[in-house]
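J.: return atomic coordinates for the entry below.
(4 chains)
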Protein chains: 4
Amino acid sequence: MCGIVGIVDAGGVSIQLYYALYALQHRGQESAGISTFDGTSLRKFKGQGLVADVFSPAVLKDLKGTAGVGHVRYPTTGSNLPENIQPLNFQFQEHFISVAHNGNLVNTCDIRREYEQAGQIFTTTTDTEIIAKILIQEISTSGSVEDAVQLCMKRMQGSYSVVIMIDGVIYAFRDPLGIKPFCLGKIEHGYIVASESVAIDALGGKFLRDIRPGELIRMDGDGVKCTQIAVAGRCAHCIFEYIYFARADAVIDGVLVYDVRRTIGQKLHEEAPVSADSVCSVPDSGTAYAIGYAERSRIPFVESLMKNRYMGRTFIMPTQKERERAVRIKLNPIPAHLKDKSIVLVDDSIVRGTTSKRIIEMMRDAGAQEIHMRIGSPAIKAPCYLGVDMPTRKELIASDKIEEEVRRSITATSLHHISLDALVKAIGFDREDLCTGCLTGCYPLLIDGETANPRLVNFVDVTFQSRLESFEAETT
Amino acid sequence: MCGIVGIVDAGGVSIQLYYALYALQHRGQESAGISTFDGTSLRKFKGQGLVADVFSPAVLKDLKGTAGVGHVRYPTTGSNLPENIQPLNFQFQEHFISVAHNGNLVNTCDIRREYEQAGQIFTTTTDTEIIAKILIQEISTSGSVEDAVQLCMKRMQGSYSVVIMIDGVIYAFRDPLGIKPFCLGKIEHGYIVASESVAIDALGGKFLRDIRPGELIRMDGDGVKCTQIAVAGRCAHCIFEYIYFARADAVIDGVLVYDVRRTIGQKLHEEAPVSADSVCSVPDSGTAYAIGYAERSRIPFVESLMKNRYMGRTFIMPTQKERERAVRIKLNPIPAHLKDKSIVLVDDSIVRGTTSKRIIEMMRDAGAQEIHMRIGSPAIKAPCYLGVDMPTRKELIASDKIEEEVRRSITATSLHHISLDALVKAIGFDREDLCTGCLTGCYPLLIDGETANPRLVNFVDVTFQSRLESFEAETT
Amino acid sequence: MCGIVGIVDAGGVSIQLYYALYALQHRGQESAGISTFDGTSLRKFKGQGLVADVFSPAVLKDLKGTAGVGHVRYPTTGSNLPENIQPLNFQFQEHFISVAHNGNLVNTCDIRREYEQAGQIFTTTTDTEIIAKILIQEISTSGSVEDAVQLCMKRMQGSYSVVIMIDGVIYAFRDPLGIKPFCLGKIEHGYIVASESVAIDALGGKFLRDIRPGELIRMDGDGVKCTQIAVAGRCAHCIFEYIYFARADAVIDGVLVYDVRRTIGQKLHEEAPVSADSVCSVPDSGTAYAIGYAERSRIPFVESLMKNRYMGRTFIMPTQKERERAVRIKLNPIPAHLKDKSIVLVDDSIVRGTTSKRIIEMMRDAGAQEIHMRIGSPAIKAPCYLGVDMPTRKELIASDKIEEEVRRSITATSLHHISLDALVKAIGFDREDLCTGCLTGCYPLLIDGETANPRLVNFVDVTFQSRLESFEAETT
Amino acid sequence: MCGIVGIVDAGGVSIQLYYALYALQHRGQESAGISTFDGTSLRKFKGQGLVADVFSPAVLKDLKGTAGVGHVRYPTTGSNLPENIQPLNFQFQEHFISVAHNGNLVNTCDIRREYEQAGQIFTTTTDTEIIAKILIQEISTSGSVEDAVQLCMKRMQGSYSVVIMIDGVIYAFRDPLGIKPFCLGKIEHGYIVASESVAIDALGGKFLRDIRPGELIRMDGDGVKCTQIAVAGRCAHCIFEYIYFARADAVIDGVLVYDVRRTIGQKLHEEAPVSADSVCSVPDSGTAYAIGYAERSRIPFVESLMKNRYMGRTFIMPTQKERERAVRIKLNPIPAHLKDKSIVLVDDSIVRGTTSKRIIEMMRDAGAQEIHMRIGSPAIKAPCYLGVDMPTRKELIASDKIEEEVRRSITATSLHHISLDALVKAIGFDREDLCTGCLTGCYPLLIDGETANPRLVNFVDVTFQSRLESFEAETT
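T.: Here you go, the predicted model:
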């Protein structure tokens, strides 16, 4: 997972890119980067760590220009090489290109092999460089960015929200299934595309609309143009964005994430009511769910696990004892709220089960008598190939255990996961327009060794426009 | 405000000091330091920034020893000199001393002048060095730490929770009025004193009791002894610890802070009911209050201002516009929860009024129709001389304005501060056992140019024990 | 100017690369980098600053592998972009390539345009990336490194000593005119190629021979093979390496640099004898010359300008006064050796004349009566296009001034530059086998707007071997 | 060993202190510090490392004031604690004091015990803090700096050149035996005191004179006053400053160090002539000696060991092999100058003998046939208690070996140390006015377990002036 942003603004973009990345920080804490175009060439700065640590006022001052792109990166295995920090920057035929990408391609190897055989040379191991190669090679042949993006969409299987800057013009496009979120906004003197609407909010801007699956947006000083490059019969919006990944205050594809979570909390009570003294959440990801549960059940919502607000770059000592202590400093149970009490504990999901188990142990040590766990997602049964850093099946506790076995493993008094139907209903889309791969093991794309969703054959049904026409985007 | 901790543990103390300081991080983010005694001399490390940034595993490994003290420092004007970072370390007559202090003395100048005239030389501008000078000079004369602490208590006016390490023995004492919090705990192989019980929790330890006002605690490998050095007729526990400063999960002088706040929230509804669509808090400090308000009023609690969880060391650009944007990235309103709604907005206190005003403006921009502000403390009318970094009267919005004027200034639809009576009742002490200086302008100590609380004449009534006897502390 | 090194050693290469770069530090202080091949992929580390500052023991430990390349970079205008730090690393068709280069191409634009038109995309502004593109594209077509290097030599005009690592095999080649130095050595368990023999000495290795102009060396665990790729009728060894750039203890193309400089010093006395009290040098570059002068003239060599040995990363304050002071702290005149004395002052060259002028002023301020300047090179009259960072003609004091005018400008009592004949004789090559572009304005290659050396038409005469045969190099 | 400096200058002092410390960098590379007085309080900055690394332009800009002191510290065992970095800063009775010290006291323990019994508390383990305590306590009693310095001189046994700043006035004093160097200069708009004259040179200032043994200098905006506080019958100037420690271009107590070394070189030939092909030095410390030897012997001076000029913060790998390699990268033999040759190798001193042995081995490996070692000092036989960081007797190769045994140990063909008589004569003082402790084991002060020089009983003969009178110093 990553966060991306692109901005055009006649008054300079670096500070706005900084604040936008800051708002998207939850999408990636490993590294951050910004590239701007100063009229003649690129200015760029990247580094490992949080946005606030990577950029200083002096650096931002030096990132001159009226267009720019930014990126925050989520830590994944082997990803922490300096050259992999995005945006990636390129030059060809006196053009300067900067590319940032959120998502994951599933046919990387094939494309890479093909381009290498055609003589292309790679300097990173990222999908992003592959996207750049396809685009640049096609642009230098045809001269048309639209054609190049269409070629991308034809060749690339996977999830991709991409922002590109070519010599001061920002292009943004989203894969035909609309897997990752991507939206468009108006700021005081320009425009912005970003992974989540919260980046627009952070600039005091106006959310215009989500970028459509298969659509290309072009922004410069003169305004915004849009072109529908490809059309698919169905969408495959990532369901995990609503469950966990996106910020609660984000609006994704027209749906406020907070309300999805609160509604699920209400449904959790309907599906699995229980009598208890209080409802508490695993902060912060479980809070909106817990508030919904409390609301519907009329059981008071009382915080009983307090989160240390200063997590910073804490390190974990290599002994087991120290690892356990590390959990204690992140989350502190309040004995007065737990002693001899029956508690409804609400969280967004259970992945490996180890954290849930430790939390329940801590709560029991603090005197809790009954702990009824309620989970805002169905059981996670399968890995994600489309950009969420999920563990393998072997590590996923629910991949081979039924709910009762999981309950016993985490030592909860009772356990209930929300039903997939209720979840889908809370989001409001057709089930066929969501990617539920991690919950069902059925994916909207052909993935080696995995089942494709029989109802989602639409992925072969992508239609590419033969005559690409651009329109002025409605921006008021 | 600062956080302090002292630990004795046969198995080494540095990692435990680290985690304890981490749990106390909310009490001070400017700098952090640890000193340990390795059997022959001091090991020490200090630095500016958060605990997680100052200490590395290599540094902690080097901080060998079975006793140690730690400190986190709150930024106050002129405090960021490297030599002022605590603990302060001294040597005299082959003894090694390390001192950490939370609080503020009001007769610093007098004492300093006296000791300078007696030939003492100072290397810092801290109260802590004054405490050290009194202690060390008396110890080297009388040889008795008890006598030295008694001399301290006789000479020093103000708030002081102090932890001292002398050659591997930890001493801890609290001022006779018990202004700042200070508590004692048992950990697996030793003992801990700390500003708040959350530090004990973080180590998986057992809270034993609060250190009594006027009491001296001595801890080493053999156990814990306690000596009542001075007795005052009344206490003057800082009321602002309950309102804002302490962590919600801390238990201070027998009272769980979270419950005080939740109860106040309930009382706020009783004192100033209003009909509204939802209750929302200014996160995180207003949340416990808001939950109480929602609970009692039966108006649903709905988060409508989302906090960015990655604050780090963000910097503020020097223009007005940038300052406003900075608020936006810290706190994001959710329009869907605000549009055309009537909202009860709950916060812990109003200091200058500028933040409240900006938040209300943001909410109105997002469409809120009515904003009924409810505040968990009475109006703050006067400065603090005893350790809370309050602004001057001139900057305090309520120092010369009645509630209606404040309401108009922050543009709220309605405004209510909790009554002092309800607040005191929620805490559960006699009003005479609390310092309410910032709320009333009456202080429990004589302060130049300020009124002393006529009912708190007890501060002249401190009785010093003529025969100091130590007892084994109950530690089971 | 830069320094390059490549090593194969079964026992690991990182520490040896470190020490080799350390020995080549005088060839570039701006940045340093190392890449190694660990059997499956590249390990790499780069940074700005001195070798000793860039690499830590932990970093070197991580640079595992039995083959590796290293680079130190000289600061040139616009060169300090992080992505330009060498070695540059690439991947193609599951191969890993790392390239380091010393020299400068004069037909960069043409080649770059051609490759861009063929679809190649560039990520840096370096010549090195161009070399890499030519090589990799040809290797992936023909599969032959020899053919790829021959294509390089056909396409590239300029100076280039290049070391490439492909999956753990080291290749090294030198341009057909042998402009930059490059040599081969044997170390305990492997082989080394390096810019100067001093890198071999630093490893306690044995100098084998210089790499021949137009030759390709291949080194791996099995030994060293060599292939003559191209043959030119003449060489064009850079004369400035002998005058200033190389370390005095280096042996370049069979000639010990120190002895060239000492011999020139002797000849300077023969060409321009003078009676004086002592001979002194501008340390350290003038010392070998001055020793030769003193030896032949029998005038005692007495150090009269002392150099501060701790230059580090000093910064220059922006005022004129501070800049003057900065010279003072680098070079201190000894009044006792100068007062009322007649001095022969020896330096290697005069570039802008400003430093010479300041030094002479300092010496006069210290009481020197006569200052007879003797210079180890002929007057520098023209820029360098082949890798030495010379200023433009406008800044070169001798580009439009005769010796007497220069003398007056720097305020010396007398001034003599060594004759070109004497210099050439001291080096020992035919004049036609040296590049004297900076001294004569005649270059061994066609350069836009400059005169080509009519006697050096050989550059069009490069013959490329049609059947490339490799031989075992003699390595004993 | 350390370097100290004090400056008063109406136009600001920080940049001048920076350059002065830079010129004194050879006296200490471990840490550096500057304190200035800005009219109301101290500005200060300290750090570990070289002057150029510790101070940035921003830091220097912040060090405002018209008076300041600076210090560079030599690494000694256990000295690298942050709090020991000088200058040390103190406050008493609204005065601000900053102290920097070069030298070593031999009665530290007694004084410290005495002051601790009188109630003083120490925060460092430095002699400097002891000096400060004596001074400040006496000043606060008597109000007279002169009296306080006299008390210092009465109480302190050892070497001490001290610079103190009290509220913007600089005081400087030197021990009655004048062991460490200390001198006074005039700069454009003020005055400077410094360890060596090279600091004055670096500022383009004028050397006025050495500070007299037992003298106190007072400098402020109005000029310089001097007071003779104590008078001793003899001096005990450190002989090792001339041999090794001071910069060759320094003038110490009226004697140019370079000329001492060059004269010794000449005498070395007279005492131990040898027929050889060339004279070479161990750079840089042996060079002036070698030049003298070559001059007198008429054997040509030829550099045959080249020093790497970029030493930086290199680290040594923990294996024997790596340690040997480390010598190789610092010093490179030139085979062409050594092969089959007979060489006179000149160095300043032999301490442990290990370096000499390794150098000779390297030279033999490079083909040298005879290596005649000539040493600019007599054999070093005893430790130093007065400020030079010499090893213990056990580690000193000559402490229990005669010259022939040392020769065999280092494998030289022949070996000669200069005679003490010749050394003393080259310096030009009476032998009784020099401290030769390290060469003779006889010290000018009573040191526990060591012999006092019977002829240097003068150290008990220090006469203290009963009426302290100050005079305007001659400053023109």
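
J.: all strands for the stretch 51-200 of chain A, in order.
T.: A:67-73, A:88-92, A:95-105, A:158-166, A:169-174, A:183-187, A:190-194 (DSSP state E, counting those that start in this stretch).

J.: please identify the most buried of these.
T.: strand A:67-73 (a mean of 31; mean count of other CB atoms under 10 Å in any protein chain shown). All C-beta spots, glycine's among them, are computed from the backbone N, C-alpha and C.

J.: give me the neighbour count for A:Thr108.
T.: 16 (other CB atoms under 10 Å in any protein chain shown).

J.: and what of A:Asp222?
T.: 10.

J.: returning to that earlier point: output the strands of the stretch 51-200 of chain A as CSV; include the columns mean pLDDT and distance to D:Phe122.
T.: Converted to CSV, the strands of the stretch 51-200 of chain A look like this (pLDDT from 0 to 100; distance: least, CB to CB, whole Å):
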stretch, mean pLDDT, distance to D:Phe122
strand A:67-73, 97, 50
strand A:88-92, 92, 57
strand A:95-105, 95, 57
strand A:158-166, 97, 61
strand A:169-174, 98, 63
strand A:183-187, 97, 60
strand A:190-194, 97, 58
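
J.: can I get those in a markdown table including distance to B:Gly205?
T.: Shown next, in a markdown table, are these (distance: least, CB to CB, whole Å):
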| stretch | distance to B:Gly205 |
| --- | --- |
| strand A:67-73 | 38 |
| strand A:88-92 | 49 |
| strand A:95-105 | 44 |
| strand A:158-166 | 47 |
| strand A:169-174 | 52 |
| strand A:183-187 | 48 |
| strand A:190-194 | 45 |
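
J.: show me the contact partners of stretch A:107-121.
T.: When contacts are defined by CB atoms under 8 Å, 6 or more residues apart in numbering or on different chains, stretch A:107-121 is touched by residues A:105, A:122, A:127, A:130, A:133-134, A:137, A:155-158, C:90-93, C:97, C:118-121, C:132-133, C:136-137, C:140-141.

J.: residue contacts, A:Lys341?
T.: A:Ala276, A:Asp277, A:Ser278, A:Gly367, A:Ala368, A:Gln369, A:Glu370.

J.: quick one: which of the strands of the stretch 51-200 of chain A is nearest chain B?
T.: Closest approach to chain B among the strands of the stretch 51-200 of chain A (CB to the nearest CB): strand A:67-73, 9.8 Å.

J.: same for that closest one, what does it pack against?
T.: With contacts taken as 3 or more CB pairs under 8 Å, 6 or more residues apart in numbering or on different chains; DSSP states H and E, strand A:67-73 sits against strand A:2-9, helix A:14-23, strand A:31-37, strand A:95-105, strand A:158-166, strand A:169-174.

J.: returning to what we had before: any quick ChimeraX command for the buried ones out of the contacts of A:Lys341?
T.: To isolate the buried ones among these in ChimeraX, judged by 16 or more other CB atoms under 10 Å in any protein chain shown, type:
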select /A:276,277,278,368,370
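
J.: name the nearest of the contacts of A:Lys341 relative to B:Glu469.
T.: A:Gly367 (36.4 Å; CB to CB).

J.: rewinding a little: how about the contacts of A:Lys341 in CSV, adding distance to A:Arg328 and secondary structure?
T.: Listed next are the contacts of A:Lys341 as CSV, based on distance: CB to CB, whole Å; DSSP: H, G, I helix; E, B strand; the rest coil:
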residue, distance to A:Arg328, secondary structure
A:Ala276, 24, coil
A:Asp277, 23, coil
A:Ser278, 21, strand
A:Gly367, 16, coil
A:Ala368, 16, coil
A:Gln369, 21, coil
A:Glu370, 22, strand
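
J.: in the contacts of A:Lys341, which has the lowest confidence score?
T.: Minimum pLDDT across the contacts of A:Lys341 is recorded for A:Gly367, with 94.

J.: per-domain residue ranges of chain A.
T.: A:2-236+A:463-472, A:256-430 (automatic domain parsing).

J.: which intervals of the stretch 251-400 of chain A have sub-threshold pLDDT?
T.: Within the stretch 251-400 of chain A, the segments meeting pLDDT under 70 span A:311-326.

J.: ok, which stretches of it are helices?
T.: A:257-271, A:287-297, A:320-330, A:335-338, A:354-365 (DSSP state H, counting those that start in this stretch).

J.: please tell me how far A:Glu271 sits from chain C.
T.: 49 Å (CB to the nearest CB, to the nearest Å).

J.: skipping its backbone neighbours, what lies nearest A:Asp201 in space?
T.: For A:Asp201, ignoring the flanking residues on the chain, the nearest one in space by CB to CB, 6 or more residues apart in numbering or on different chains is B:Asn332 at 5.0 Å.

J.: so how many other residues sit close to the one you found?
T.: When neighbours are defined as other CB under 10 Å, B:Asn332 has 24 of them.

J.: contacting residues around it?
T.: A:Ala23, A:Val198, A:Asp201, A:Ala202, A:Arg247, A:Asp249, B:Leu305, B:Met306, B:Lys307, B:Asn308.

J.: isn't the first one up against B:Ile329?
T.: Which is A:Ala23. Yes. Using CB atoms under 8 Å, A:Ala23 is in contact with B:Ile329, at 5.7 Å.

J.: the spatially closest residue to A:Cys226 that is not a sequence neighbour - how many residues pack around it?
T.: Among residues not flanking A:Cys226 along the chain, A:Ala473 sits closest, at 4.5 Å (CB to CB, 6+ apart). For A:Ala473, the count of nearby residues is 21 (other CB under 10 Å).
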